[in-house]
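>>> Please work out how this folds:
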Amino acid sequence: MRAFIRRHYRDLVNGLLFRPILITVLHAALAVLVVVISRHLEEPLFSRSADTTRAILTTIAGSSFTAVSIAFTVTIVTLQLVSDQFTPRALRGFLGRPWVQLVAGCFVGLVLYCLVALGMMRDGSEGGDHGLLAMVAVVLAIVALFVLLVFIHRISQSIQVSNIIADLVAETRTALDRHYAADDRAADGPRPEDDDGWPRVDAEEAGVVQSIDLDALLDLAADADVALRLAVQPGDFVLAGQALARFERGAPAGLEPHGGVAALRRAIVRQSQRDLSMDPAFGVRQLADIAARALSPGVNDPSTADHCLHWMTAIFAEVMARPRPTHRRLAAESGVVEVPLRPVARLLRTAFEEVAVYSADNPRMRRAVRRTLERLDGVTHPTHRPALAGIRRAIEASLDPPRDQGLDSGLEEGEDHPRRTPCDS
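This is a model prediction of the structure:
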């Protein structure tokens, strides 16, 4: 249940509906409140006739419709630009930014405020009790215009590739810290070796593992007195019939008094797309996509790819500076749950393999990839050196095609090769 709530909460706050609708409803409530207050004022605060107030509200409502249409058009164009030039996987994070949702809510809410106020005004009243409605509408319009200016400024900043990369790096670092963080519920005792004969629970349908509710699984394991070893982790794509979990101790039948196998399946949330909050490899994947797309002939922007490499170097310098666990084994009373963690070697492959392949024809990027590996080698903990050596061998093989041997032997850009003459080239 907690994972279900968290999942739908993330879908709400990351979409373009929940916060704008909430702000719109607050504007409507404000209109009702101002109407009620204005009817009970003994002395009007702002003397305005009903016709003047209607004219003000109608003008503000019409201009707000125009402004919100412009804002939505700019947003859609920006989303298309981000999707085409960088990666479509960054759209979810863009829509989740509060300032994008704030501008939609302010203008739609202002329109609704005016409509509600117009609907609740009394026909034929000419006193000053309507002036408060008009003044509040003017104040809200000024605030909305200020929000629109901030929106235009922020959206012009957000489509710069350096800012997109910086946001992804920050989210990825947070996800990595959460992924590898120690847990005070760590289980004691020996860890049994894997056994293919253990009872298992399979997935009923295909999907991407978006999140895992460890608290729910621990409660289930404690109540049923079982030891579970999960076979998937956030970011994995599972097929129908693929194992979700195995039982080191106990069996699926032991779960029946506590919600059954269905409770275990509900704790492993599967959706159609990945989510960065519990899947740090998804952030690394997006950075690699931006770098690979920048190296494509259609974009041809090696500076962006080099910028991505710089930041991926910073991320992996932190990850590889100390040992990282390969699993998290937790206990609650007599129940045990073990969750696999993303191996550093897989993260390295995700980050650098494709970028290296697309860098094979670009001397500058070949040097950048080698520089990245050399810098990581200087900070890598001994436990990660085999993984780094393996990815380094694979990348070196892809960076040294026979036709280009000797092109990037440490020379700076613009230098002639010592064994070549101008006639040779």
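>>> for the nearest residue to Leu112 once chain neighbours are set aside, what are its contacts?
Of all residues not flanking Leu112 in the chain, Ala28 sits nearest, at 4.9 Å (C-beta to C-beta, 6 or more residues apart in numbering). In this view, the C-beta of every residue, glycine as well, is placed from N, C-alpha and C. Each residue near Ala28 by C-beta atoms under 8 Å, 6 or more residues apart in numbering is listed here: 109, 112-113, 116.
>>> Swap in 7 Å and give it another go.
By C-beta atoms under 7 Å, 6 or more residues apart in numbering, Ala28 lies in contact with 112-113, 116.
>>> swap in Thr380?
320, 388.
>>> Quick check on it: phi, psi?
Dihedral angles of Thr380 (phi, psi; degrees, to the nearest 10) stand at phi -80, psi 140.
>>> How about the contacts made by His384?
320, 344.
>>> so how far is Arg346 from it?
His384 is 12 Å from Arg346, where distance means C-beta to C-beta, to the nearest Å.
>>> related to what we said a few turns ago, out of the contacts of Ala28, grab the one that's most surrounded.
Neighbour counts for the contacts of Ala28 peak at Tyr113, which has 28 neighbours (criterion: other C-beta atoms under 10 Å).
>>> so where does Val68 fall, helix or strand?
Secondary structure assigned from DSSP states H and E places Val68 in helix 50-85.
>>> Tell me the helices and strands packed up against that helix.
Using 3 or more C-beta pairs under 7 Å, 6 or more residues apart in numbering; DSSP states H and E, the elements in contact with helix 50-85 are helix 91-95, helix 98-120, helix 131-158.
>>> Run through the stretch 151-300 of the chain and note the low-pLDDT ranges.
The stretch 151-300 of the chain contains no residues with pLDDT under 70.
>>> where along it do the strands fall?
200-202, 207-212, 227-230, 237-238, 243-249, 268-271 (DSSP state E, counting those that start in this stretch).
>>> what's the most buried one of the ones you listed?
Comparing the strands of the stretch 151-300 of the chain by mean neighbour count (mean count of other C-beta atoms under 10 Å), strand 227-230 ranks first with a mean of 24.
>>> Can you give the contact residues for that strand?
212, 217, 221, 244-250, 336-340.
>>> How about stretch 261-281?
Residues outside stretch 261-281 that contact it (C-beta under 7 Å, 6+ apart): 3-4, 7, 10, 171-172, 175-176, 179, 201, 204, 207-213, 216-217, 220, 232, 234-235, 238, 244-245, 252, 255, 282-283, 342, 347, 350.
>>> Make sure Arg285 is actually in contact with Thr350.
Yes: the criterion here is C-beta atoms under 7 Å, and Arg285 meets it with Thr350 at 5.7 Å.
>>> what sits against the residue lying closest to Leu102 once chain neighbours are set aside?
Excluding the flanking residues, the one nearest Leu102 by C-beta to C-beta, 6+ apart is Val147, at 5.9 Å. With contacts defined as C-beta under 7 Å, 6+ apart, Val147 is in contact with 102-103, 106.
>>> Quick one: those residues as a markdown table, columns for pLDDT too.
Below are the contacts of Val147 laid out as a markdown table (pLDDT from 0 to 100):
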| residue | pLDDT |
| --- | --- |
| Leu102 | 83 |
| Val103 | 83 |
| Cys106 | 88 |
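>>> from the residues you listed, which single one is nearest Ser64?
Nearest to Ser64 among those is Cys106, at 8.8 Å by C-beta to C-beta.
>>> That closest one - how many residues pack around it?
Applying other C-beta under 10 Å, we find 27 other residues in the vicinity of Cys106.
>>> Next, work out how far apart it and Leu145 are.
For Cys106 relative to Leu145 (C-beta to C-beta), the value is 9 Å.
>>> what's the overlap in contacts for these two?
Counting by C-beta under 7 Å, 6+ apart, nothing touches both Cys106 and Leu145.
>>> which one is Ser334 nearest to, not counting chain neighbours?
Nearest one to Ser334, counting by C-beta to C-beta, 6+ apart, is Asp225 at 5.0 Å.
>>> tell me which residues in stretch 134-141 are buried?
For stretch 134-141, a neighbour-count test (16 or more other C-beta atoms under 10 Å) marks 134-137, 140-141 as buried.
>>> Serialize those to TSV and add fields for distance to Ala356 and pLDDT.
Putting the buried residues of stretch 134-141 into TSV (distance: C-beta to C-beta, whole Å; pLDDT from 0 to 100) gives the following:
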residue	distance to Ala356	pLDDT
Ala134	64	87
Met135	63	88
Val136	60	90
Ala137	59	90
Leu140	54	92
Ala141	54	91
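>>> Tabulate those residues in a markdown table, adding columns for distance to Met278.
Shown next, in a markdown table, are those (distance: C-beta to C-beta, whole Å):
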| residue | distance to Met278 |
| --- | --- |
| Ala134 | 50 |
| Met135 | 48 |
| Val136 | 43 |
| Ala137 | 44 |
| Leu140 | 39 |
| Ala141 | 42 |
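>>> and of those residues, the nearest to Gly260?
Of the buried residues of stretch 134-141, the one sitting nearest to Gly260 (C-beta to C-beta) turns out to be Leu140, at 52.5 Å.
>>> Quick check: that closest one touching Val111?
No: judged on C-beta under 7 Å, Leu140 makes no contact with Val111 at a distance of 10.4 Å.
>>> Can you pull out the low-pLDDT segments for the stretch 1-150 of the chain?
If you take pLDDT under 70 as the line, the stretch 1-150 of the chain has these spans: 1-16, 42-48, 82-96, 122-129.
>>> can you rerun that using 50?
With pLDDT under 50 as the threshold, the stretch 1-150 of the chain has low-confidence stretches at 125-128.
>>> I'd like to know how many residues surround the residue nearest to Arg342 when sequence neighbours are not counted.
Distances taken as C-beta to C-beta, 6+ apart put Ala281 closest to Arg342, at 5.4 Å, once the chain neighbours are dropped. Using other C-beta under 10 Å, Ala281 is surrounded by 25 other residues.
>>> From Thr172, how far out is Ala281?
Ala281 sits 9 Å away from Thr172, going by C-beta to C-beta.
>>> Quick check: Ser359 vs His179, distance?
Ser359 is 28 Å from His179, where distance means C-beta to C-beta.
>>> try Ala240
Ala240 is 27 Å from His179, by C-beta to C-beta.
>>> Which one of the two is surrounded by more residues?
A side-by-side neighbour count of Ala240 and His179, using other C-beta under 10 Å, places His179 first with 22 against 10.
>>> Ser38 versus that one, what's the distance?
Counting by C-beta to C-beta, the gap from His179 to Ser38 is 55 Å.
>>> ok, of the contacts of Ala28, which one's closest to Ala368?
Out of the contacts of Ala28, the member with the shortest distance to Ala368 (by C-beta to C-beta) is Leu112, at 52.1 Å.
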